[in-house]
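J.: Build the 3D model from these lines:
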Amino acid sequence: MDQVRVRFAPSPTGELHIGNARTALFCWLFARSRQGCFILRIEDTDPDRTGKGGESAILEGLAWLGLEWDEGPDRGGPFGPYRQSERTALYHQYGRQILHSDRGYPCFCDPEALAGRRAEAHEEGRTPGYDRRCRDRSEEERRRLKASGEPHALRLKTPTEGEIVVEDGIRGTVRFRHDELDDFVLVRSDGRPTYNFACAVDDHLMRITHVIRGEEHLSNTPRQLLIYEALGFPPPLFAHLPMILAPDRSKLSKRHGATSLQEYREQGYVPEALVNYLTLLGWSHPQGVDMFSPAEAIAHFSLDRVSASSAVYDDRKIAWLNGHYLRALPLEELARRAHPFLLAAGYEPDEGRLRDLVATVRDRILRLSEAPDALAYFFDSDFPYDEEGLARQLGRDGLPDLLDACRAVLDPIPRADFDGATVEAAYRGLAAERQIRAADIIHPTRLAISGRTAGPGLFDIMALLGKEETLTRLDRFARYLRSVGRS
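T.: Below you'll find the predicted structure:
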């Protein structure tokens, strides 16, 4: 069998959204699982859908996910160019071939008139479609209209009887009646190819063996098969991926969470987690596991394990997976990835301290964007006290004096020895001396130095804050309690 060649062919409309990213991923997995070639093609023939910076956003998004392509607009290849806007001459060449073989014909119908006839058919309960009125024009009439400068499109002569069968690699056999397809346009009157025509020509010339795409393209497949037939091209194998639905089974949209790769990046998701999660949206690992590397997915990937049923997006699961991948990262790497989020929040930890700070919260965050809030009290001492926690502490008599006692046992510890173990020993010694629970001093101390009632280990926090800052915050809380009448 020839080498497997799979393409991902997005329109450069802007950021990659989760559906397109999943399609690219499945194409990449299939190509790599067959030692094949993964091709990136930009379908930019429609200026109304081409967004500024859209192509670069696609390239950056795929690179961030780790989906390396073998041929594409930025690196070339033997079957380029890889932007459709640079392949216009090829579409015109094959358009002429269809016209000269009598598989197509020029259509002189005015677009506004066509729209009116479609509306009329809809009102009368008929299926809107082209009525083929230019199909049977004489050659003499066609030459006369062309000579007069009448604009015209190129339409394919579609069979009026019978059916076309699509053998889909995921859905099995799907049948379409010819009379449902009408004589569709291949080249518009302004010379631009339609999606179906450009797609079919490019897939053949780029020697694409498998077309893997979203199920919204299934209705395009019979038209593309007719184009292949008209040009005498052998068709590729088609496979249409299931839709991705929101948890309520509606169409996935922004209101259900992030939908573009850039939004996931900004929220602190790591590409390892996103690739893992996207793989699960329609495909199942043969061993039933939910967590695996790209290499493991490649080793097991096949289209027969892709479901034809819609996949349901689960924001909680992707967050859970992301938390797992954050915990699995080496601390140095986690610190490196968290650093931009801290800088964006206005925090500038010194390089030597960042690793230790991140270590305190690595088990407590699900997204890198949560790191600034989780670590905020390390950078800013002017924080409010948690209201519920404060209410509990205000109910205790003698708390300011107890905080003074905490300060007294910490003060003799040399700065160089102010580590978690030493501080913990001092606190537990004080609790034993006063015959109270260690929690009776741990909880108010946590509130004093972080403003919170929960978080990383208290003694780790104190060691990272250092002796002077810890004592300062204890004094501040004691003064506050006395100012509100607690003694």
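
J.: pLDDT averaged over stretch 322-338, what's the number?
T.: Mean per-residue pLDDT for stretch 322-338: 96.

J.: What lies in contact with that stretch?
T.: Here stretch 322-338 makes contact (C-beta atoms under 8 Å, 6 or more residues apart in numbering) with 268-270, 272-274, 276, 291, 354-355, 357-359, 362-363, 365-368, 371. All C-beta spots, glycine's among them, are computed from the backbone N, C-alpha and C.

J.: rerun at 6 Å
T.: Residues from elsewhere that reach stretch 322-338, judged by C-beta atoms under 6 Å, 6 or more residues apart in numbering: 269-270, 272-273, 354-355, 358-359, 362, 366-368, 371.

J.: Just give me how far that stretch sits from the chain centre.
T.: 19 Å (C-alpha atoms, centre = their mean, to the nearest Å).

J.: That one: end-to-end distance?
T.: Start-to-end span of stretch 322-338 (C-alpha to C-alpha, to the nearest Å) is 13 Å.

J.: From the recorded domain assignment, give the ranges for this structure.
T.: For the chain, automatic domain parsing gives the domain ranges 5-84+244-312, 87-241, 330-374, 387-483.

J.: Can you add pLDDT, neighbour count and distance to T470 and give the contacts of stretch 322-338 back as TSV?
T.: Putting the contacts of stretch 322-338 into TSV (pLDDT from 0 to 100; neighbours: other C-beta atoms under 10 Å; distance: C-beta to C-beta, whole Å) gives the following:
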residue	pLDDT	neighbour count	distance to T470
Y269	97	24	34
V270	97	22	33
E272	97	19	37
A273	97	23	35
L354	93	21	20
R355	94	17	20
V358	96	27	20
A359	95	15	18
R362	95	19	22
L366	97	20	29
R367	98	19	29
L368	98	23	27
A371	97	26	22
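
J.: any idea which of those is closest to G80?
T.: E272 (31.4 Å; C-beta to C-beta).

J.: before we move on, back to that, from the contacts of stretch 322-338, which single one is nearest L67?
T.: Out of the contacts of stretch 322-338, the member with the shortest distance to L67 (by C-beta to C-beta) is E272, at 12.6 Å.

J.: Report the contact partners of the closest residue to R207 other than its chain neighbours.
T.: Distances taken as C-beta to C-beta, 6 or more residues apart in numbering place R5 nearest to R207, at 5.4 Å, with adjacent residues excluded. Going by C-beta under 6 Å, 6+ apart, R5 touches 37, 207-209.

J.: Tell me the spacing between R5 and Y264.
T.: 29 Å (C-beta to C-beta, to the nearest Å).

J.: F477 now?
T.: Taking C-beta to C-beta, one finds F477 at 39 Å from Y264.

J.: The two: who's more crowded?
T.: Y264 (26 against 22; other C-beta atoms under 10 Å).

J.: about what we covered before: mind giving me the PyMOL command for buried ones among the contacts of R5?
T.: PyMOL command restricting the contacts of R5 to the buried ones, with burial defined by 16 or more other C-beta atoms under 10 Å:
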select buried, resi 37+208+209
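
J.: among the contacts of R5, which are in strands?
T.: C37 (DSSP state E).

J.: In a markdown table: the contacts of R5, plus distance to Y325 and pLDDT.
T.: Putting those into a markdown table (distance: C-beta to C-beta, whole Å; pLDDT from 0 to 100) gives the following:
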| residue | distance to Y325 | pLDDT |
| --- | --- | --- |
| C37 | 29 | 98 |
| R207 | 37 | 98 |
| I208 | 33 | 98 |
| T209 | 33 | 98 |
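
J.: Closest to F108 out of the contacts of R5?
T.: In terms of C-beta to C-beta, no member of the contacts of R5 lies closer to F108 than I208, at 33.7 Å.

J.: Could I get the full set of strands for the protein?
T.: Using DSSP E, the strands of the chain run over 5-8, 37-40, 104-107, 153-156, 163-168, 172-177, 185-187, 210-214, 237-241, 244-245, 311-312.

J.: okay, those strands in TSV with distance to P414 next?
T.: Converted to TSV, the strands of the chain look like this (distance: least, C-beta to C-beta, whole Å):
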stretch	distance to P414
strand 5-8	61
strand 37-40	60
strand 104-107	89
strand 153-156	86
strand 163-168	73
strand 172-177	75
strand 185-187	83
strand 210-214	65
strand 237-241	64
strand 244-245	59
strand 311-312	58
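
J.: Any idea which of these gets closest to H17?
T.: Nearest of these to H17, taken as C-beta to C-beta: strand 244-245 at 9.6 Å.

J.: Show me how far the closest one is from its chain's centre.
T.: In this view, strand 244-245 has its centroid 13 Å away from the chain centroid, taken as C-alpha atoms, centre = their mean.

J.: Next: stretch 477-487.
T.: Worked out by C-alpha atoms, centre = their mean, stretch 477-487 lies 50 Å from the chain centre.

J.: CA atoms only for that stretch - export them in PDB, please.
T.: Extracted C-alpha coordinates of stretch 477-487, given in PDB (Å, rounded to 0.1, in the frame of the first residue of the first chain):
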ATOM      1  CA  PHE A 477      -2.800  40.300  63.600                       C
ATOM      2  CA  ALA A 478      -2.300  40.700  67.400                       C
ATOM      3  CA  ARG A 479      -2.600  44.500  67.000                       C
ATOM      4  CA  TYR A 480      -5.800  44.000  64.900                       C
ATOM      5  CA  LEU A 481      -7.400  41.800  67.500                       C
ATOM      6  CA  ARG A 482      -6.600  44.300  70.300                       C
ATOM      7  CA  SER A 483      -8.000  47.100  68.200                       C
ATOM      8  CA  VAL A 484     -11.400  45.300  67.900                       C
ATOM      9  CA  GLY A 485     -11.500  44.700  71.600                       C
ATOM     10  CA  ARG A 486     -10.100  41.100  71.900                       C
ATOM     11  CA  SER A 487      -7.700  40.700  74.800                       C
END
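
J.: Could you pull up the mean pLDDT of that stretch?
T.: Across stretch 477-487, the per-residue pLDDT values average to 84.

J.: got a list of contacts for it?
T.: With contacts defined as C-beta under 6 Å, 6+ apart, stretch 477-487 is touched by 394, 399-400, 403, 448.

J.: most surrounded residue in these?
T.: L403 (24 neighbours).

J.: which non-adjacent residue is nearest it?
T.: What sits nearest to L403 in space, not counting adjacent residues and going by C-beta to C-beta, 6+ apart, is A478, at 4.3 Å.

J.: Tell me how far D475 lies from V423.
T.: D475 sits at a distance of 16 Å from V423 (criterion: C-beta to C-beta).

J.: which ones are touching D46?
T.: Per C-beta under 6 Å, 6+ apart, neighbours of D46: none.

J.: And the pLDDT for it?
T.: 81.

J.: I'd like to know how far it sits from C27.
T.: Counting by C-beta to C-beta, the gap from D46 to C27 is 22 Å.

J.: what do you get for F477?
T.: Noted for F477: a distance of 58 Å to C27, by C-beta to C-beta.
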